[in-house]
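Peer 1: Take a look and give me a structure for this.
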Amino acid sequence: MNSVPTASGSTGSSSRDSAASSTSEFPIGVGASFRAAFSSPARLRTEVLAGLVVALALIPEAISFSILAGVDPRVGLFASVTMAVTIAFTGGRPAMISAATGAVALVVAPVAANHGLEYLIATVLLAGVLQIVLSLLGVAKLMRFIPRSVMIGFVNSLAILIFLAQIPHLLGVPWLVYPLVAAGIVIMVGFPRTTTIVPAPLVAILVIAGAVLLFGWTVPDVADQGELPTTLPSLLFPDVPLTLETLEIIAPYALATALVGLMESLLTAKLVDDITETHSDKTREGWGQGVANLVTGFFGGMGGCAMIGQTMINVKESGARTRLSTLLAGVFLLILVVALGDIVGLIPMAALVAVMVMVSVGTFDWHSVHPRTLRFMPLSETLVMVVTVVATVWTGNLAIGVVLGVVTAMVMFARRVAHMTTVEKVAELDTDHDGTVDTRTYRVTGELFWASSNDLVYQFDYSGDPENVVLDLTDADIWDASTVATLDAVQQKYAEKGKTLSVIGLDGASQERLDTLSGRLGGAF
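Peer 2: Numbering: from 1, shown residues only. Next comes the predicted model:
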């Protein structure tokens, strides 16, 4: 994937990112990754400060997602804590942040509204079990079927959703919010040009919060978003009947939660792989998400998955590369909301909005929409990207956008391949030497499947062809039952004219498929 612009406006990876891209320097193993975090004071400082910045950014997000799910803010905050801490040990992608997310909130909201919090927690627990099972069955291998255009659409739609999520914080607010947000953006762009010792997002938050407190300005702050918890989360088991009726209620939502969570997490892991030029263990990430959701459910959380915005803050803006940053994000979040809730509540939302706006800008793949790129990019590739973006932004559901993008890519691919199939007459023979052609040979070239074989039946001259017709498939392959059914139809049309059709040139799986299915699909060979 092409690199996206950084907060400073430059394109490509910084020297720090390049240095961090070595797999041997930042391994994915749990112990090795934590040891890498302590490899130098500079690395340790980067991981610690990155975790702190992510924790600050998680607070308003978790509260917002709690409201979206129709539950108390503490449910989302505790979910973010337990997800981050657990995935730091069980996940397959170091430095990736998992917490309560909007996608999961949208899925579980009907459960909370119609059946209450206890059923929501039961749904999260079942979703965790399903994620573990699906991952062990190899669902991560399906990532290979997601085209690059869908990935770009996924990234761009996430960037748009992150930006749109900030709009409510910019409407109906005091005019001071706007210069504060602008100031935060300026800091985010300019500060990295002076030093990278301290993450620019943390500097922006501290400077804007300090200015608001110093001058006594009245602007919306974190405390306005909802009540922060004052106690630690405790273990619990949902108080629901262990009956088939309960399973019928929660199973559809649990399956949807599991699929959405896996899809977002695996796509985000792939994105981080591209940014850091390292490889992650997708299967481990999948079942790790399941374990994290189980832990979250037993602590009364609303469930979650990987968070693209906070992951970009951690990996791209702050330069984190190890599991320590993920662990500390959860630990700092717990400390901030429980022990320092009164202080955290004073942080202006303008500072966090500025951070997320720059995350949105840095996440978007600007190269993909550059006029020069659009000129040389095939229209089908651009269409796949647009479908993914529009579907995701319109529905607010990343899973729907990605699925529609993949389906569009499949249709476009089938359409291209179908047009690469040709039929031509190659020989006419007079085998009995009576001066008339009694055998005609057609050669088919290309891949034969449902899209390319549908028109095959119209490519022959059934009335004008001689009594013997040979169909040479040496340069073709049969891929499905639709093609066999078409060949049966061609054979039937010739038979109705009193003529015979012989198919030659096939071998291997194509010949086996023809032998197995011919005459059994509703036609006669």
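Peer 1: so where does residue 350 fall, helix or strand?
Peer 2: Element membership for residue 350, per DSSP states H and E: helix 349-363.
Peer 1: How about residue 270?
Peer 2: Applying DSSP H and E, one finds residue 270 within helix 244-276.
Peer 1: And the next helix or strand past that helix?
Peer 2: As assigned by DSSP H and E, the chain's next helix or strand after helix 244-276 is helix 282-298.
Peer 1: Can you pull out the residues in contact with stretch 390-401?
Peer 2: 102-103, 106, 153-154, 157-158, 160-161, 164, 259-260, 263-264, 267, 387-389, 402, 404-405 (Cβ atoms under 8 Å, 6 or more residues apart in numbering). Backbone N, C-alpha and C define where each C-beta goes, glycine included.
Peer 1: actually stretch 109-123, not the one I wrote
Peer 2: The contact list for stretch 109-123, computed with Cβ under 8 Å, 6+ apart, reads 68-71, 75, 108, 236, 238-240, 246, 249-250, 253-254, 257, 297, 300-303.
Peer 1: Filter those down to the buried ones.
Peer 2: The neighbour count (16 or more other Cβ atoms under 10 Å) marks 68-71, 75, 108, 238, 240, 246, 249-250, 253-254, 257, 297, 300-303 as buried among those.
Peer 1: what distance separates the start and the end of stretch 230-247?
Peer 2: End-to-end distance for stretch 230-247, by Cα to Cα, to the nearest Å: 33 Å.
Peer 1: Stretch 159-169 now?
Peer 2: Taking Cα to Cα, the first and last residues of stretch 159-169 lie 17 Å apart.
Peer 1: ok so, going back, list buried residues within the contacts of stretch 390-401.
Peer 2: 102-103, 106, 153-154, 157-158, 160-161, 259-260, 263-264, 267, 387-389, 402, 404-405.
Peer 1: picking that back up, now, the contacts of stretch 390-401 that are in strands?
Peer 2: Using DSSP state E to define strands, no part of the contacts of stretch 390-401 is located there.
Peer 1: Select from these every entry located in helices.
Peer 2: When these are checked against helices (DSSP state H), the matches are 102-103, 106, 153-154, 157-158, 160-161, 164, 259-260, 263-264, 267, 387-389, 402, 404-405.
Peer 1: what's the neighbour count on the nearest residue to residue 322 once chain neighbours are set aside?
Peer 2: In space, and not counting its chain neighbours, residue 322 is closest to residue 37: 4.1 Å by Cβ to Cβ, 6 or more residues apart in numbering. Using other Cβ atoms under 10 Å, residue 37 is surrounded by 23 other residues.
Peer 1: residues contacting residue 37?
Peer 2: Counted by Cβ under 8 Å, 6+ apart, residue 37 has contacts 43, 44, 47, 322, 323, 324, 325.
Peer 1: Who wins on neighbours among those residues?
Peer 2: The residue in the contacts of residue 37 with the most neighbours, by other Cβ under 10 Å, is residue 325 (30 neighbours).
Peer 1: Is that one located within a helix, as I assumed?
Peer 2: Yes - checked against DSSP: H, G, I helix; E, B strand; the rest coil, residue 325 lies within a helix.
Peer 1: you'd agree it is up against residue 95?
Peer 2: Yes - Residue 325 is within contact range of residue 95, at 5.5 Å (criterion: Cβ atoms under 8 Å).
Peer 1: Show me the common contact partners of those two, please.
Peer 2: In contact with both residue 325 and residue 95: residue 314, using Cβ under 8 Å, 6+ apart.
Peer 1: circling back to that earlier point, and the helix holding residue 350, what does it pack against?
Peer 2: If contacts are counted by 3 or more Cβ pairs under 8 Å, 6 or more residues apart in numbering; DSSP states H and E, helix 349-363 sits against helix 41-69, helix 148-164, helix 177-190, helix 200-215, helix 308-312.
Peer 1: Just send these back as TSV, with mean pLDDT and distance to residue 291 too.
Peer 2: As requested, the helices and strands packed on helix 349-363 are arranged in TSV below (pLDDT from 0 to 100; distance: least, Cβ to Cβ, whole Å):
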stretch	mean pLDDT	distance to residue 291
helix 41-69	88	20
helix 148-164	85	24
helix 177-190	94	35
helix 200-215	91	29
helix 308-312	87	19
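Peer 1: Fine, thanks again, bye for now.
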